[in-house]
Each structure stands twice: as structure tokens, then as C-alpha cells.
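*Asks:* Here is my input; please provide its structure:
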Amino acid sequence: MTPWTPQPAGLQEILQTIHESTDMNTAVQRTITQKLNQFTRAPEYIAYLAYILNSLTQEEDRIRTIAGYLLKNNSRLILSSSPEVAHYVKAAVLQAFNDPSIMIRNAASQDIVAFLGVLEPKNWPECLQLLVGALDSSDLDKQEAAFHALEKACEDYPRKMDVEIGGTRPLDFMVPKFLSLTEHPSAKMRSHAVACLSYFVPINCQSLFVHIDSFIASLFKCASDDDPSVRRHVCQALVLLLAARPEKLMPEMSNVAEYMLYSTKDKNENVALEACEFWLTFAEDADLAAYLHPLLGKVAPVLLDCMVYGEDDLLWLEGDAEDAAVPDKDQDIKPRHYGGKTHGFERDPSETSDAPPKPRIGVYGEETYDSDDEDDYDADDDDFADEMSTEWNLRKCAAAALDVLAVRFSADLMNVLLGPLKEKLWSNDWLQRESGILALGAMAEGGLRHSLWELLRMVLDHNKRVQEAGCSAFATLEEDAGPQLVPYLEPVLRNLVFAFDLYQSKNMLILYDAVGTLADAVGRALQDPRYVDILMPALTNKWSKLKDDDDNLIPLLECLASVTIAMGHAFLPYAGPVFERCNNIIHKSLLNYQQFQQNPELDEPDKSFLVVALDLLSGLTQGLGPQLEPLIQISQPNLLNLLTVCLKHPQAAVRQSAYALVGDLAMGCFSLLRGHMPGIMSELILQLDPEPKLEFISASNNAAWSVGEVALRYGRDDPEFQQWVNPLIARLIPILLHPKAPRSLHENAAVSIGRIGLMHPNLVAPHLPEFAQAWCQALYEIRDNEEKDSAFRGLCTLVQTNPLGISKSLLWFCNSIVRWNTPSPELFNMFQTLLQGFQQHDPAVWAAQTASFPPAIQERLATRYGV
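*Replies:* Prediction:
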């Protein structure tokens, strides 16, 4: 093999680009990113990067380090490289690992970890051998550098490390080595040793488990180590052991529990956080409840104390004891993104989302492959306070643990914490009060009445942070309690209304959320005139003080959308001004966007006003139904003309809300909508896309749902709707059959096919063999509701019209039938008639087909439908 050597021109081009990458100018950075992406197509690119890292010692360390960073991010290119390039790159990074400069050694270390993960240790054993051999070096720096790389490898890809190479398992040698190094004089070495060993626990590594007793013994030895990093990894290892091999810890649980309680109070937050994870893991395992229950009295108060803001938090909180009257600064109010509602269906709780993971975006022109590397960070996230408030920390971990304990031990936990909670909630220190609220919110399910009164009191506190915590926790309680709140509605509403006069701008957003969530939770109970008279004056007072372009109007409109649905006809006295204002906002927003399209140098208008105005009109339509028609008829410009324009809007969220409004108007005001359907339908058909862009998925969902509502309102064999049946079916069937279409889109498409089939069976039935199986697969897991009922009545009508169309999908059809718990009497009769008809038509064929069905399906068909 001829050794690889760089070409001067290629080297100079890449080197020049790396030099230019240090220019922070945005335009320059964009050009550099494009060039670096182009370089990835050059087959020798990674060799040049390795050469710059290792051999260009005359260059600044910073330039060589950038080359190393780029090399790490493009490590997968080695899989498609020539043998000469691959050989050179591997040798160069190993050589750079011994460079005199610590910056270069660190960059080489990251490269080694990346390439070892891509190639896998079995294909680069000499690297693994070098790293393990360096653990015996007399140079402590080399020892630590090698162990640092090994720890990262063990953390990122432990399964790739647990392999056989040349007839032996390296871990059979490495695990005893790591165990001995837990007693190394260097704290860094001890920390690396414990960490490396712990990463093999979750994968049930046999090379570790044959030494499990020695491992646990070494953890106990290191438990009182002076170095917090060692103690943190001890706690982490005990958490992993509790999850994977709890039986090994149970005999020593009293000692382990005492140690973890002590560590949960450690002054080093990293240690305390790892220890707190132990209690969260313990609580989440239902099989361990009997072991945890006796510890509640000690564990719960410690977790409660962990929920107080720490000294570091106070640096960015800047909260005063009594600051309720102090106006918020603009920078205190985080921007909120308002997206329209999406029509979806509830599935069994066991079902998990199949949304695709968000793609990774390369900062330095790296390839955006999925990777085990978790070093990526958001380069734009410079809002320190925002970052601090959203990162996982001890306080949040303790709250999560209490939440799980509340579900697991409800009343027992409340009994343990009643005293400590009262002390915190009535404390003069706002930090103590705020932590008590957080705990109360986490445990709300354990005692609704007590939680309700304490949280309502805190909603009206005179410290903004306490208000924020109280109102947020109350909104969580509303979601959990739902209709259970109805008996307490009057005092709840009076407290929330009082808060409208107390809160500043930032907490007002949370208050609007709480009112909207309350409306969603209690539903039509809010129609009671007493409750309308309490709530509406406060909302209309806020409404009257805000101009159409005031950002504070947006959350109020969003809140009102929920309130209008809940109040229903009781909202009618307030509907006129609300409707007119929404119509005006939509009109102004469309005009503003038209100006922007004509002059792109203008700032793009904020879509939020348009989206929430459409959503509020959806709420009004759902709440008032036909009572809204007079307002639509006199609207200037006419709402339905504006709506047709919204369906063409370039922004996905606007279309999403517009299609939702089409569906709601079909249900509530179809007589007015009908005259505008030709224009609406031409846009709607185009929106039905089997592979919509990610941002348009919700718009396509709502379009698919709304067309089913429209079909039902036109009625059976309507001649006007008939012209759209074939174009719609030609769009909906490919969506249903597309393997990459989102699950929600499959479901909405299936329901609308069923509903169109119910109204126009002769036109849809010939297509039944194409989609029958996929249709049944899309809907069998959906919870029973009216929409599903009408869709299945449509499918049954199609089967009656074209019985042969279901013959190849009979198993899936029967499976979807037996999954129903409470079909309507009409649907039940259709199921029974069809099934008995199949059986009677050819008993022998029916018996042969159903004999191959799973026993559960056979049993339900027999017991429920007599076949």
C-alpha cells in the first residue's frame, strides 16, 4: 500500500478555509459552511484534516484544533475512504494523541473516540490496545488522557466495547483493570474507573457481572471519597445497579439508602442530582414499592428540601421578597410561539409516538448523521437565564420523584409531608413558599382539596416567583383534576379574577393559560350564569384595554378560544364584539402580509395574531353553532372570503388554523359555508399531500379531517359533492398507503375516506381492495368516539356495496371490529349483519378463514356477534 501524501493545492485550500472560519461575520460563516460541506465530497478530505492536526506544527494550535473538530464531525467518511486514507488517518490521530500541546491532545482524543465508535473496536484493536496500555504509563497525564478517552467510549457505545476480538474479550481484561484503578492515588483516575465500570451495567455485560460483588465493594470503598466527581459516579453506578440488578442492592438497602440520603444533601449539586436520581428510579419501579415504602418518612422530607432554589439559581432569578407591584421588563418576558390546533385522535395510553426525530444541523459543515455523540450544543442559545430555568437539575429531579411517589403512595406521602409542607407554605421566606408550591403541584393528585386551597392562596402571593409557581402548579392541577374541580368553581374563579388586577405582564401569560386550562377541564359547567358573571367582566376589561396590535392580546385571544367553547350559548351576549374584532384582525393581517409579499424588504408580519384570531373563531363556532350565522352574514369583509384566502397563506400555522375553522364551520354553520365550498375545496384537495413538508403536517391533518365533516353535511349522494369524490379519494388513498406519512395523517385520511364512503358508497366502493387493510390498521387502536363510529359505518357501507373488496383483508377487518368496546347500536347491527352474512354465504370458507385468526379474535367474534 502506497502511503498517502497531501497535494499542496488541496491542502492550501482547506487550510485557507479553516483560517477564514475564525471570522465571525455571518455572511462569511455562511460561505464557509457551504465550502466545508463541499469538501466532504472529496474522498481524501479527512486525510487532509488529520494531516493539519498532526503534522502542521508551524500552524497555531487553534487552527489545528479546528481541523481536529472537523475531523471528528466527519468521522463516518472513513467508512467510504480508500485503505490508504483510512490507514493514514488512524495513524495520524494516534500520533497527535501524544502531541506536546494539550489542545491538540484533547482534539485527538475526541477524534479517537469518534473513529473507534464508527469503525468499532473489533476493526481497530490496536487503538484499544494503545489506550488500555497507556493506563500503566508512568506519566500521569498520559494515563488520565487515555482513561478520559476510554470513559467517553464506554459511555457512548458500551455494546461495541463488549465484543470478542481474535478469540478473546478485551473487557475480560479491562474490567479487573478498572476495578484495581478505583484505588488509584489520582482522583481523576478513580473517577474514570468508576464511571467506565458503571456504563456496562445497563447492557448486562457479563465481563462486569462476574465481578459484580467486587464492583459493589469498590463502590462502598469510594463512597466517602474526598473528590466530588468520584462520589458522583458512585451515585450514578448505584442508580444504574438499582435499575438493572436491584436484587444485588436489596440486602444492603438500609446502608445504601442512608448513603443516598446523605448524598442527596451533598453540597456539590452534581453529586446531589445523581443521588436524587436514585429516588426517582426507585419510585418508578412498581416492583420495588415494598422496599421504598418504609423509607418514605426519611426520603420525602429530603426531596422537599431539595426543591428550594439554590444560591446559584438566585444569581439569575433576581427576585425580591415583595415585587408584585414592580412592572416586568420586556426582556423578562420570553417570546411565545402560537400554533393552531391540530385535529387528532386518542389512542390507548400504552401507544407511543412515532414522530421522526428532529434532524441535527451541522455548525461546522459536518455530516448530519445520527450519532451517539452528545456533545452537540445549540450555538444560538445565549439566553443564560432561559437555559438555567429549563435544564434538568436537582430541584426538578426532586419534583419528578415526589410526583411519582404521590402516584405510588398518595395518602401515605401526604401524611408524611403535611407538617413540613405547611411550614414551607406559611414561611416568611418566599423561596420556601415557592418550593412548597412546587411540591404541592407535583403531589396534587394525592389530596385535591388541600392542594387546591393552598395553591389558590399562593396564586395571590405578593412575590412574582411565588405567583408564577402557584399559577403554573394550579394549571397542572386543573389538567389532572378535570371535572373534579366543578364543585369548587366559584372560589377558584374569584381567586383567578382577583389575580388579573395583581399580576404584571409575565405572570399574566400564565394566568391566561390557567383560565383557558380551567375552561378545558370543566367544560360546559362554565355555562352557569354565576360563573359567567364572575369571569367575563375581568376578561372584557382586559380586552377593552388592548389594541389590535398589542402582543398581550394574543394570549388573551387564545384563552378566550377555550372559554367560548366551554361557555357555549352563555357566551352569546359577548360574541358580537369578539367576532368583529377577530374578523378585523384577520383582514388587517392579510393586508399586511400582502404588502410584505409586494415588498420583501419589509419585516415579515407576525402570524400569531392571524392564527389566534382564527382559533378564537373556531371556539366561537364550536360554542355557538348556528347562533353565529347572523354575525358571519353581516361581517365586512365577509369572513368566508377571508377564510378562503387564509387557506392559500404561505405560513403553515395559518393554514392549519384555517382548515380547523373550515371543519368547525361545517359542523356549526354549514348553510353559509356551502356557498363557498367550490373555492375552499380547490385549495383543500391540493393540501392533501402524502408527504407534506414537516411544517405542513398539521395543516394536512386538519384538511383531511375537515373534508370528512363537509362530506357528512352535504349528505347522501349529493350531486354537488360528487364532483369532488374522485379527486379526494385519489389524494386520500395514497396518504393512507404511504409508509412515511405521519400516523395522525393516516388516521384523519382513513376517517374521511370512511365518511365520504358513507355518503357516496357507489363511487368509493370500487377502490376498497386498494385500502381496506391499511384503513383497518390505521383506526383499530383509536378510542371509540362518534367520528370513528361514522367512519366505520362508512366502511361497512362500502363492504355491503362491494363484499369482495374486503376478502383479502378479512383478518384486519375482524380485528378492527372486535377492538370496539361500545359501538353505537346502528354500527353494532352493521357489524353483526356483515359477519353473519359472510358466515351464511359460505360456511366452509368462513370456517377455514377464521380458523387461522388469533384465538382472542375468534373468541370475541363468537361471544359478541355469534359467528
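
*Asks:* need the longest helix for this protein.
*Replies:* helix 394-425 (DSSP state H).

*Asks:* what about this structure, any weak spots by pLDDT?
*Replies:* Within the chain, the stretches with pLDDT under 70 are 311-390, 441-450.

*Asks:* Can you name every helix or strand that the helix or strand Ala699 falls within contacts?
*Replies:* Using DSSP states H and E, Ala699 sits in helix 697-714. With contacts defined as 3 or more CB pairs under 8 Å, 6 or more residues apart in numbering; DSSP states H and E, the packing partners of helix 697-714 are helix 652-668, helix 670-673, helix 677-687, helix 719-737, helix 743-759, helix 786-801. All C-beta atoms are positioned from the backbone trio N, CA, C, and that covers glycine.

*Asks:* Mean neighbour count for those - can I get that in TSV?
*Replies:* Rendered in TSV, the data for the helices and strands packed on helix 697-714 read as follows (neighbours: other CB atoms under 10 Å):
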stretch	mean neighbour count
helix 652-668	26
helix 670-673	17
helix 677-687	18
helix 719-737	18
helix 743-759	26
helix 786-801	22
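
*Asks:* closest one to Ser472 among the ones you listed?
*Replies:* Between Ser472 and these, the tightest spacing by CB to CB is seen for helix 652-668, at 24.7 Å.

*Asks:* Kindly export that closest one (C-alpha atoms) in PDB.
*Replies:* Extracted C-alpha coordinates of helix 652-668, given in PDB (Å, rounded to 0.1, in the frame of the first residue of the first chain):
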ATOM      1  CA  ALA A 652     -48.200  26.600   7.700                       C
ATOM      2  CA  ALA A 653     -49.700  27.600  11.100                       C
ATOM      3  CA  VAL A 654     -52.200  29.900   9.300                       C
ATOM      4  CA  ARG A 655     -53.400  27.100   7.000                       C
ATOM      5  CA  GLN A 656     -53.600  24.700  10.000                       C
ATOM      6  CA  SER A 657     -56.000  27.000  11.900                       C
ATOM      7  CA  ALA A 658     -57.900  27.900   8.700                       C
ATOM      8  CA  TYR A 659     -58.600  24.200   7.900                       C
ATOM      9  CA  ALA A 660     -59.700  23.700  11.500                       C
ATOM     10  CA  LEU A 661     -62.200  26.600  11.100                       C
ATOM     11  CA  VAL A 662     -63.500  25.000   7.900                       C
ATOM     12  CA  GLY A 663     -64.300  21.800   9.800                       C
ATOM     13  CA  ASP A 664     -65.900  23.600  12.700                       C
ATOM     14  CA  LEU A 665     -68.000  25.800  10.300                       C
ATOM     15  CA  ALA A 666     -69.100  22.600   8.500                       C
ATOM     16  CA  MET A 667     -70.400  21.300  11.800                       C
ATOM     17  CA  GLY A 668     -71.900  24.500  13.100                       C
END
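
*Asks:* Could you shift the numbering so residue one becomes 29, and keep it that way?
*Replies:* Done: numbering now begins at 29, and the last item shifts to helix 680-696.

*Asks:* tell me the angle of it relative to helix 725-742?
*Replies:* Relative orientation of helix 680-696 versus helix 725-742 (axes from the mean of the first three to the mean of the last three CA atoms, to 10 degrees): 20 degrees.

*Asks:* by contact count, what packs against helix 680-696?
*Replies:* Helix 680-696 makes packing contacts with helix 636-652, helix 667-674, helix 698-701, helix 705-715, helix 725-742 when contacts are defined by 3+ CB pairs under 8 Å, 6+ apart.

*Asks:* closest to Arg892 out of those helices?
*Replies:* In terms of CB to CB, the element of these nearest to Arg892 is helix 725-742, at 27.0 Å.

*Asks:* Off-centre distance for that closest one?
*Replies:* If you compare the mean C-alpha spot of helix 725-742 with that of the full chain, they lie 26 Å apart, counting by CA atoms, centre = their mean, to the nearest Å.

*Asks:* So for the longest helix of the chain, what gets flagged as buried?
*Replies:* When burial is assessed from 16 or more other CB atoms under 10 Å, helix 422-453 yields the following buried residues: 422-434, 436-437, 440-442, 444-445, 449, 452-453.

*Asks:* Stretch 727-743 too?
*Replies:* 727-742.

*Asks:* Output it in CSV with nothing but the alpha carbons.
*Replies:* The C-alpha atoms that make up stretch 727-743 are tabulated as CSV, following Å, rounded to 0.1, in the frame of the first residue of the first chain:
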residue,chain,number,x,y,z
ALA,A,727,-52.3,21.7,8.1
SER,A,728,-52.7,18.5,6.0
ASN,A,729,-54.2,16.8,9.1
ASN,A,730,-56.8,19.4,9.5
ALA,A,731,-57.6,19.5,5.8
ALA,A,732,-58.1,15.7,5.8
TRP,A,733,-60.3,15.9,8.9
SER,A,734,-62.4,18.9,7.7
VAL,A,735,-63.2,17.2,4.3
GLY,A,736,-64.9,14.4,6.2
GLU,A,737,-67.0,16.8,8.2
VAL,A,738,-68.0,18.6,4.9
ALA,A,739,-68.9,15.3,3.3
LEU,A,740,-71.3,14.4,6.1
ARG,A,741,-73.0,17.8,6.0
TYR,A,742,-73.7,17.6,2.2
GLY,A,743,-75.5,14.3,2.8
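
*Asks:* Grab the nearest non-local neighbour of Asn611.
*Replies:* Excluding the flanking residues, the one nearest Asn611 by CB to CB, 6 or more residues apart in numbering is Ser663, at 5.0 Å.

*Asks:* cool, Pro198 as well?
*Replies:* Leaving out its chain neighbours, the residue that sits closest to Pro198 by CB to CB, 6+ apart is Leu156, at 6.0 Å.

*Asks:* The one you found reaches Leu147, doesn't it?
*Replies:* No: taking contacts as CB atoms under 8 Å, Leu156 lies outside contact range of Leu147: 10.5 Å.

*Asks:* what residues do the two have in common as contacts?
*Replies:* Overlap between the contact sets of Leu156 and Leu147, as judged by CB atoms under 8 Å, 6 or more residues apart in numbering, is nil.

*Asks:* how about the helices in the stretch 179-328 of the chain?
*Replies:* 186-189, 198-209, 215-226, 234-237, 240-250, 256-272, 274-277, 281-292, 297-312, 317-320, 324-333 (DSSP state H, counting those that start in this stretch).

*Asks:* Compute the inter-axis angle for the third one and helix 256-272.
*Replies:* Taking the same axes, to 10 degrees, one finds that helix 215-226 is oriented at 10 degrees with respect to helix 256-272.

*Asks:* I'd like to check the angle between helix 215-226 and helix 198-209, please.
*Replies:* 140 degrees.

*Asks:* Enumerate the positions of helix 215-226 that are buried.
*Replies:* Along helix 215-226, the positions that meet the burial threshold by neighbour count (16+ other CB under 10 Å) are 216-226.

*Asks:* which strands and helices sit next to it?
*Replies:* Counting by 3+ CB pairs under 8 Å, 6+ apart, the packing neighbours recorded for helix 215-226 are helix 168-184, helix 198-209, helix 240-250, helix 256-272.

*Asks:* about what we covered before: before we move on, could you check phi and psi at the residue nearest to Pro198?
*Replies:* Main-chain dihedrals, Leu156, degrees, to the nearest 10: phi -60, psi -40.

*Asks:* ok, it - contacts?
*Replies:* Counting by CB under 8 Å, 6+ apart, the residues that Leu156 touches are 144, 149, 193, 198.

*Asks:* circling back to that earlier point, so for Val753, which of the helices of the stretch 179-328 of the chain sits nearest?
*Replies:* The nearest among those, by CB to CB, is helix 297-312 at 50.8 Å.
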